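J.: turn this into a model:
(chains A, B, C and D)
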Protein chains: 2
Amino acid sequence: MPENRYHHGNLRAALIDATRRLLLDRDPESLSLRQAAREVGVSANAPYRHFEDKDALLGAVAAEGFRVLMELIRDSANGTETSKRLEAIGVAYCQFVAREPGLVRVMFGPRLRAAKRHPGLDEAERGAFAELAAAVDAVEPSTSPEDGIRNAVGLWSVMHGYATLRADGAFGFLDAWMLPSAADLVSYFRRVGV
Amino acid sequence: MPENRYHHGNLRAALIDATRRLLLDRDPESLSLRQAAREVGVSANAPYRHFEDKDALLGAVAAEGFRVLMELIRDSANGTETSKRLEAIGVAYCQFVAREPGLVRVMFGPRLRAAKRHPGLDEAERGAFAELAAAVDAVEPSTSPEDGIRNAVGLWSVMHGYATLRADGAFGFLDAWMLPSAADLVSYFRRVGV
DNA sequence: CCGGCCATGTGTACGATTTACACACATTAC
DNA sequence: GTAATGTGTGTAAATCGTACACATGGCCGG
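T.: A predicted model of the protein is given here:
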């Protein structure tokens, strides 16, 4: 494919990728649509042909993030023996948050939820949660569906809280060796269930 | 005090208050220094006499938030019998996050930690955590100081994860009655400790 | 009482951002 | 070949952070 053509060819996907890449070393707040456009080598207004809004782009990026997270959970579960699956998921979740904190911040940020949701975002998020709930249920079959959900909500809360607090540096004033590991937190929580 | 005087008198505190008020119905991202200035009825540049930077103002707001949080934890602990203190703290934490999600987002956001920290922020945060750790230790005396800290880190993680996920609407696709209560989560977690 | 100092607020200005609108170009269908 | 449609460009307005020069007025020594 020629390099200097007028039409990019796959601008939509390229913008999502570029945004995710920019989020690696930039706050979501200081992220600009223009930067993403520059990164892709296109004019500042071209993105508006593919995304109604800056929020629409971020919504697509977030949906992508939830899809990645879902696969991460699935792979962790499938690649680990049953008794240690939840710990593996917890560790993977923390690594994901540590590796791409900006992306996580976009995924859970208030901006996307406030207004109209991006198509696919809801579904992707639901998928990630379902994957987690399935793993929880496979390890500790629950007596009722609601118990299963409550279990998953509890596990998600611990993982998410620990991972984000850690990534955000909220434990900065504590020496690293004092902190429990992600696997520890999960197994302590898991031993009792919700 | 006359209303149309040239000097505001207490602009610094007024700006912090105004910012916190604006955060009640506005994303931290869409918050502007100029809005805070308008809210107080002062020119766009006046804040720069009291805060070097937009970040400096946000830092002061965050420190204020941590101070509020600390008192909240202290009051919850003091006002509740020992056996239910941690649950009370958890409930209060969730209410705080639900009431002022924007403030919480500023407090834990990456922006303040990335660059130079605001004087007092670190101290306020440390104070809030110390208050929590003290409450944990009072309820379940730990065998070693590290265990105490790990306990507090675990508790903070569950509370924070649950509260922020909930406030951000991440559980939006679940019916409310399916969710565990904050108190439940805390007591399940507490039963085993870390 | 008075004149000056200096902390504090104002006005103007610049570059960057989001986003609306009109226009230009290329690819595809006929 | 040409019209139609999808896609990128250019221009422009509103808002924002912030730097600079200037105005104001409360507090000081006299």
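J.: which of the three states applies to the residue in chain A positioned nearest to DNA strand D?
T.: Residue nearest to DNA strand D within chain A (C-beta to the nearest atom of the strand): A:Ser43, separated by 2.6 Å. Every C-beta, even on glycine, is put in place using the N, C-alpha and C of the backbone. Classification of A:Ser43 by DSSP: H, G, I helix; E, B strand; the rest coil places it in coil.
J.: got a list of contacts for the helix or strand of chain A with the lowest mean pLDDT?
T.: Lowest on mean pLDDT, DSSP states H and E among the helices and strands of chain A sits helix A:110-114, with a mean of 74. With contact meaning C-beta atoms under 8 Å, 6 or more residues apart in numbering or on different chains, helix A:110-114 is reached by A:55, A:58-59, A:62, A:106, A:118, A:121, B:27, B:29, B:101-102, B:105, B:168-169, B:172.
J.: could you give the mean pLDDT of the helix or strand that it is followed by?
T.: Toward the C-terminus, helix A:110-114 is succeeded by helix A:121-139 as the next helix or strand (DSSP states H and E). Confidence over helix A:121-139 (mean pLDDT, whole number) is 93.
J.: wait, A:Arg126 sits on B:Phe173?
T.: Yes - using C-beta atoms under 8 Å as the test, A:Arg126 is close enough to B:Phe173 to be in contact (5.2 Å).
J.: those two: which is more packed in?
T.: Neighbour count, other C-beta atoms under 10 Å in any protein chain shown: between A:Arg126 and B:Phe173, A:Arg126 has more, with 15 against 12.
J.: just to revisit the earlier point, the residue of chain A closest to DNA strand D and chain B: what is the separation?
T.: 24 Å (C-beta to the nearest C-beta, to the nearest Å).
J.: and that residue, backbone torsions?
T.: The phi and psi values for A:Ser43, taken as degrees, to the nearest 10, are phi -70, psi 160.
J.: spatially, what comes nearest to it if we skip its sequence neighbours?
T.: The shortest distance from A:Ser43 to any residue other than its chain neighbours is 6.5 Å, reached at A:Ala37 (C-beta to C-beta, 6 or more residues apart in numbering or on different chains).
J.: contacts only, for the one you found.
T.: Going by C-beta under 8 Å, 6+ apart, A:Ala37 touches A:15, A:43-47.
J.: wait, which of the residues you listed is closest to chain B?
T.: For the contacts of A:Ala37, the closest approach to chain B (C-beta to the nearest C-beta) belongs to A:Pro47, at 18.3 Å.
J.: distance of the closest one relative to A:Arg20?
T.: Using C-beta to C-beta, to the nearest Å, A:Pro47 is found at 14 Å from A:Arg20.
J.: likewise A:Asn10?
T.: Separation of A:Asn10 from A:Arg20 (C-beta to C-beta): 15 Å.
J.: ok, the closest residue to A:Leu72 other than its chain neighbours - contacts?
T.: Using C-beta to C-beta, 6+ apart and skipping the chain neighbours, the partner closest in space to A:Leu72 is A:Ala92 (5.1 Å). Applying C-beta under 8 Å, 6+ apart to A:Ala92 gives the contacts A:72-73, A:75-76.
J.: tabulate the residues you listed (a markdown table), appending pLDDT and distance to A:Ala152.
T.: Output for the contacts of A:Ala92, formatted as a markdown table (pLDDT from 0 to 100; distance: C-beta to C-beta, whole Å):
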| residue | pLDDT | distance to A:Ala152 |
| --- | --- | --- |
| A:Leu72 | 97 | 16 |
| A:Ile73 | 97 | 11 |
| A:Asp75 | 97 | 18 |
| A:Ser76 | 96 | 15 |
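J.: quick check: longest helix of chain A.
T.: Longest helix in chain A, counting residues (DSSP state H): helix A:54-78.
J.: run the chain-centre distance for whatever helix or strand A:Ala13 lives in.
T.: For A:Ala13, the element it lies in under DSSP H and E is helix A:11-22. How far helix A:11-22 lies from its chain's middle: 16 Å, per C-alpha atoms, centre = their mean, to the nearest Å.
J.: buried residues in it, which are they?
T.: A:11, A:14-20, A:22 (16 or more other C-beta atoms under 10 Å in any protein chain shown).
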